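Asks: Predicted model and sequence follow; I will ask about them next.
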Amino acid sequence: MGSPINVLIWNEYRQEREEERIAKVYPNGIHAQLANLLGEDGDVTVRTATLDEPEHGLTDDALAATDVLVWWGHMHHDEVADEVVERVRRRVLDGMGLIVLHSAHFSKLFKALMGTTCNLKWRADGEKERLWVVDPTHPIVEGIGEYIELPEEEMYGEHFDVPAPEALVFVSWFAGGEVFRSGACYSRGAGKIFYFRPGHERHPTYYDPAIGRVIRNAVRWAAPVARPQRTFDLVPALEPIEAR
Ligand code: ZN
């Protein structure tokens, strides 16, 4: 194996501290449970950062030491400073992987990278979700069966206002009748982005082993390819250009 994949898990971490029903599901925060999941892999190092830390824990140094950033946010997207969003966006363009979870579809960061509203239909009634694997060749579904079933989740429904994914890995069906593109891959610059839908804070979704496996696979898929930074600008010819 090569060098470890350095993962930074970012979480808003407000609702788990302020709402008892959510603290019951994630007593140490959603980021702590995601860290547990990723910590199962010996070749992954995991750090966490949260909204209320200085610069939201997303300093230049923290980002420089990150191969893949995992992002969960919900109620306080607007409190993420624009300059921090821009810093993270540039890191993605330079090759840092990004896993965008659930309600982070509305984060400033994801919207900036997609260039669309990222809006969708929703309903928080705790209904059954079945995530169908629609790309069995994709490394993100390694070890996953035909589908993943979650007994209770929030519904997200089409239309999901995002660009057409470069690879669509999961489509969700919900008991209420809607469908949703729930696992979608993008590239932006040198960076890879995976949007993964499940993870409403009231449900124990991030304790589900199959969901954990998808996130672990996604981190591996999104890790930067080992190659020099891209160079741009006016450049000299690589070899003499013959006059014609
Ligand atoms: Zn939600």
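Replies: Arrived safely.
Asks: which ones are touching residue 5?
Replies: Shown in contact with residue 5 (CB atoms under 8 Å, 6 or more residues apart in numbering): 43, 44, 45, 67, 68, 219, 220, 223. Where C-beta positions appear, they are placed from N, C-alpha and C, glycine not excepted.
Asks: So the third one lies in a helix, does it not?
Replies: No - counting by DSSP: H, G, I helix; E, B strand; the rest coil, residue 45 falls outside a helix, being strand.
Asks: helix or strand right after the longest strand that the chain contains?
Replies: The strand spanning the most residues in the chain, taking DSSP state E as the definition, is strand 121-133. Helices and strands here follow DSSP states H and E; after strand 121-133, the next one along the chain is strand 147-157.
Asks: The following helix or strand past that following strand - contacts with which helices or strands?
Replies: Heading C-terminal from strand 147-157, the first helix or strand you meet, by DSSP H and E, is strand 167-174. Counting contacts by 3 or more CB pairs under 8 Å, 6 or more residues apart in numbering; DSSP states H and E, strand 167-174 packs against strand 121-133, strand 147-157, strand 179-188.
Asks: Next, format the ones you listed as CSV and append distance to residue 79, mean neighbour count and mean pLDDT.
Replies: Below are the helices and strands packed on strand 167-174 laid out as CSV (distance: least, CB to CB, whole Å; neighbours: other CB atoms under 10 Å; pLDDT from 0 to 100):
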stretch, distance to residue 79, mean neighbour count, mean pLDDT
strand 121-133, 21, 16, 98
strand 147-157, 22, 19, 98
strand 179-188, 24, 20, 98
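Asks: In a markdown table, list these along with distance to residue 82.
Replies: Listed next are the helices and strands packed on strand 167-174 as a markdown table, based on distance: least, CB to CB, whole Å:
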| stretch | distance to residue 82 |
| --- | --- |
| strand 121-133 | 26 |
| strand 147-157 | 26 |
| strand 179-188 | 18 |
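Asks: nearest to the ion, of the ones you listed?
Replies: The closest of the helices and strands packed on strand 167-174 to the ion is strand 147-157. By CB to the ion, the value is 4.4 Å.
Asks: how big is the angle separating that closest one from strand 121-133?
Replies: 160 degrees (axes from the mean of the first three to the mean of the last three CA atoms, to 10 degrees).
Asks: May I have strand 147-157 exported as PDB, CA atoms only?
Replies: C-alpha atoms of strand 147-157 as PDB (Å, rounded to 0.1, in the frame of the first residue of the first chain):
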ATOM      1  CA  TYR A 147     -29.600  -2.400  -3.300                       C
ATOM      2  CA  ILE A 148     -29.400  -0.900   0.100                       C
ATOM      3  CA  GLU A 149     -32.500  -0.600   2.200                       C
ATOM      4  CA  LEU A 150     -33.000   2.000   4.900                       C
ATOM      5  CA  PRO A 151     -36.100   1.500   7.000                       C
ATOM      6  CA  GLU A 152     -36.500   5.200   7.800                       C
ATOM      7  CA  GLU A 153     -35.100   8.200   6.100                       C
ATOM      8  CA  GLU A 154     -36.100  11.600   4.900                       C
ATOM      9  CA  MET A 155     -37.300  11.700   1.300                       C
ATOM     10  CA  TYR A 156     -35.500  13.700  -1.400                       C
ATOM     11  CA  GLY A 157     -37.200  13.700  -4.800                       C
END
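Asks: That strand packs against which elements?
Replies: In terms of contacts (3+ CB pairs under 8 Å, 6+ apart), strand 147-157 is packed against strand 121-133, strand 167-174, strand 179-188, helix 209-222.
Asks: JSON lines for the ones you listed, including distance to the ion?
Replies: Converted to JSON lines, the helices and strands packed on strand 147-157 look like this (distance: least, CB to the ion, whole Å):
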{"stretch": "strand 121-133", "distance to the ion": "6"}
{"stretch": "strand 167-174", "distance to the ion": "13"}
{"stretch": "strand 179-188", "distance to the ion": "13"}
{"stretch": "helix 209-222", "distance to the ion": "14"}
